[in-house]
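Colleague: What would the 3D arrangement of this be:
(chains A and B)
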Amino acid sequence: DAGITQSPRYKITETGRQVTLMCHQTWSHSYMFWYRQDLGHGLRLIYYSAAADITDKGEVPDGYVVSRSKTENFPLTLESATRSQTSVYFCASSGLGLTDTQYFGPGTRLTVL
Amino acid sequence: GQQVMQIPQYQHVQEGEDFTTYCNSSTTLSNIQWYKQRPGGHPVFLIQLVKSGEVKKQKRLTFQFGEAKKNSSLHITATQTTDVGTYFCLMDSSYKLIFGSGTRLLVRP
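Modeller: Sure, this is the predicted structure:
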């Protein structure tokens, strides 16, 4: 039972480069989420998706792009990475609705130099 | 806009002591969820509270939802070293999801 996976687990990149973080879930959950976690800020919602081809902004969407062509995948792209985007990124999914239990992936630690 | 607060930010206790974390919202919540994140790990769901005044227990953990559905607490009785981690609330206010900033629990053996 793979559950929800993220790749890469660690990434170092430079300012201005494009970076894509991958998220894959095997439960066929409708909802998927991207969060960033910074010290002192808890988890902040970047984007979420209710189904394939349906996405919506969260609390901190600027500088990020998402897509969801297939139910099981929800990639997050930083089109031009900045140092302020250095963070730990978590993907999550939920099966029954926006406010249902969320299952989190292991996270991706991204460093932007 | 909605204001949320989770306190305290940190708590360092002796093993066997009790621990409580609180989440407060300026607006009425539809429901609240609690998650635990171990150091270096990812958040794991603990419980969801929906009804006004609801109280739920899981072994040594007691969760409460306020009568006005604007606050909630998580209480751990007789902490153990396995309780170490950060506890977050996830507040749902009219389909707007906001995580509390978390309370980091440290337990001295």
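
Colleague: Skipping its backbone neighbours, what lies nearest B:Lys76 in space?
Modeller: Just to correct that, residue B:76 is Ile rather than Lys. Counting by CB to CB, 6 or more residues apart in numbering or on different chains, B:Ile76 lies nearest to B:Phe19, which is 4.5 Å off, once chain neighbours are set aside. To be clear about C-beta, it is placed using only N, CA and C from the backbone, and glycine gets the same treatment.

Colleague: hang on, A:Ser84 in a strand?
Modeller: No: assigned with DSSP: H, G, I helix; E, B strand; the rest coil, A:Ser84 falls outside any strand and is helix.

Colleague: Show the contacting residues for it.
Modeller: Contacts of A:Ser84 were listed using CB atoms under 8 Å, 6 or more residues apart in numbering or on different chains, and they are A:Val112.

Colleague: I'd like the distance between it and B:Thr86.
Modeller: In this view, A:Ser84 and B:Thr86 are 22 Å apart by CB to CB, to the nearest Å.

Colleague: Ok, A:Gly63 next?
Modeller: Distance of A:Gly63 to B:Thr86, computed by CB to CB: 26 Å.

Colleague: Helix or strand for residue 45, just tell me which one.
Modeller: Let's take chain A. Assigned by DSSP states H and E, A:Leu45 belongs to strand A:42-51.

Colleague: wait, I meant chain B there
Modeller: Assigned by DSSP H and E, B:Phe45 belongs to strand B:44-49.

Colleague: I'd like to know which elements the strand holding A:Leu45 is packed against.
Modeller: strand A:31-38, strand A:54-57, strand A:64-66, strand B:96-99 (3 or more CB pairs under 8 Å, 6 or more residues apart in numbering or on different chains; DSSP states H and E).

Colleague: Can I get those in JSON lines including mean neighbour count, mean pLDDT and distance to A:Val112?
Modeller: Output for those, formatted as JSON lines (neighbours: other CB atoms under 10 Å in any protein chain shown; pLDDT from 0 to 100; distance: least, CB to CB, whole Å):
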{"stretch": "strand A:31-38", "mean neighbour count": "23", "mean pLDDT": "96", "distance to A:Val112": "12"}
{"stretch": "strand A:54-57", "mean neighbour count": "14", "mean pLDDT": "94", "distance to A:Val112": "21"}
{"stretch": "strand A:64-66", "mean neighbour count": "18", "mean pLDDT": "97", "distance to A:Val112": "13"}
{"stretch": "strand B:96-99", "mean neighbour count": "20", "mean pLDDT": "88", "distance to A:Val112": "23"}
